[in-house]
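Student: kindly generate the corresponding structure for this input.
(one chain, ligands or ions: 1)
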Amino acid sequence: MSETLAPWRSLLARSLHLNRALPNARYCQLATLTLEGKPANRTVVFRGFREGSDCLQMITDRRSEKIPQILQCPQGEICWYFPKTREQFRLSGTIILITAEETHIHHRQARDRVWQELSDAARLQFAWPCPKQPRPDFPVAFTPELPSAKEPDENFCILLFEAMTVDHLQLKGNPQDRTLYTRTHSGHWQMEAVNP
Ligand SMILES: Cc1cc2nc3c(=O)[nH]c(=O)nc-3n(C[C@H](O)[C@H](O)[C@H](O)COP(=O)(O)O)c2cc1C
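Tutor: Predicted coordinates for the structure are as follows:
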């Protein structure tokens with residue numbers, strides 16, 4: 001993680017702020033590669049930046065299909081459109097998985113914190129039956145005991161997304177503005193205005 005914040009981070013934060021009246025502006029699409037090397041894409045909720053870094057936080061269930069995909073290939077792409085400001089961010093980078101087995105103290109603390117900030121309804125989903133398995137006919141399976149609000153459920157994972165390139169397209173304006181941000185080996189960001 002870099003010590004100084006990336007130049008695109010404040011633009012993304014600004015877009016989130018300007019689009020804050022739209023609840024779905026916090027939804028982005030996260031693409032990974034299946035074990036067969038095919039694209040797999042799904043909607044996830046952005047859960048804020050990891051404190052003091054450019055890493056984007058998301059949560060997921062460790063029983064979901066994306067987990068083995070990320071373990072095999074931790075590369076992913078996020079695509080995010082902000083309707084009010086009419087901008088798209090495409091972030092390509094590495095996904096860091098934080099599970100119940102995490103040993104790094106800061107990662108463990110972050111996992112606890114994010115879990116504690118969730119609503120009861122969101123926490124409950126981690127105690128539901130396994131994703132993508134045939135649906136049981138007994139509804140009781142979906143009314144488990146409410147998980148602890150303090151201790152994360154063992155299925156609860158955090159995904160940290162560390163961008164290596166960011167492609168920012170702003171539709172407002174003629175011609176439209178497109179800027180590429182690329183992280184160098186030394187951790188600095190290069191910025192280039194390109195044709196849309
Ligand atoms: C609006 C919306 C928000 C979602 N948020 C999340 C999320 O934050 N984390 C998550 O794992 N899945 C989320 N999902 C479900 C995923 O899109 C997906 O169906 C699920 O994670 C299983 O994906 P996988 O089989 O590729 O792992 C959301 C779906 C929608 C429609």
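Student: which residues of the chain lie near the ligand?
Tutor: Within the chain, the residues that sit near the ligand (C-beta under 6 Å from any ligand atom) are 27, 40, 42-45, 58-61, 64-66, 131. (C-beta placed from N, C-alpha, C; glycine too.)
Student: need these in TSV (columns: distance to Arg111 and pLDDT).
Tutor: Output for those, formatted as TSV (distance: C-beta to C-beta, whole Å; pLDDT from 0 to 100):
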residue	distance to Arg111	pLDDT
Tyr27	22	98
Ala40	24	98
Arg42	21	98
Thr43	22	98
Val44	16	98
Val45	16	98
Met58	12	98
Ile59	9	98
Thr60	12	98
Asp61	13	98
Ser64	16	98
Glu65	21	98
Lys66	17	98
Pro131	19	95
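Student: and the residues you listed, which are buried?
Tutor: Buried members of the residues of the chain next to the ligand, scored by 16 or more other C-beta atoms under 10 Å, are 44, 58-61, 64, 66.
Student: of those, which belong to strands?
Tutor: 44, 58-61 (DSSP state E).
Student: end-to-end on stretch 167-183?
Tutor: From its first residue to its last, stretch 167-183 covers 12 Å (C-alpha to C-alpha, to the nearest Å).
Student: now do the buried residues in it.
Tutor: Neighbour-count burial for stretch 167-183, counted by 16+ other C-beta under 10 Å, picks out 167-170, 178-181, 183.
Student: ok, now stretch 180-193?
Tutor: In stretch 180-193, counting by 16+ other C-beta under 10 Å, buried: 180-181, 183, 189.
Student: could you dump the buried ones among the residues of the chain next to the ligand into a markdown table with distance to Cys157 added?
Tutor: Converted to a markdown table, these look like this (distance: C-beta to C-beta, whole Å):
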| residue | distance to Cys157 |
| --- | --- |
| Val44 | 12 |
| Met58 | 9 |
| Ile59 | 7 |
| Thr60 | 5 |
| Asp61 | 7 |
| Ser64 | 9 |
| Lys66 | 9 |
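Student: now, the buried residues of stretch 180-193 that are in strands?
Tutor: Among those, the members found in strands (DSSP E) are 180-181, 183, 189.
Student: could I get these as CSV with pLDDT?
Tutor: Shown next, in CSV, are those (pLDDT from 0 to 100):
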residue, pLDDT
Leu180, 98
Tyr181, 98
Arg183, 97
Trp189, 97
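Student: all strands for this structure, in order.
Tutor: According to DSSP E, the strands that the chain contains are 27-33, 39-45, 56-61, 75-82, 87-98, 156-170, 177-183, 189-194.
Student: paired strands for the fifth one, with orientation please.
Tutor: According to DSSP bridges, strand 87-98 forms sheet pairs with strand 75-82 (antiparallel), strand 156-170 (antiparallel).
Student: can you name the residues that contact the residue most central in space within the chain?
Tutor: By C-alpha atoms, centre = their mean, the mean C-alpha position of the chain lies nearest to Met58, the distance being 3.7 Å. Contacts for Met58 (C-beta atoms under 8 Å, 6 or more residues apart in numbering) come out as 30, 44-47, 158-159, 161.
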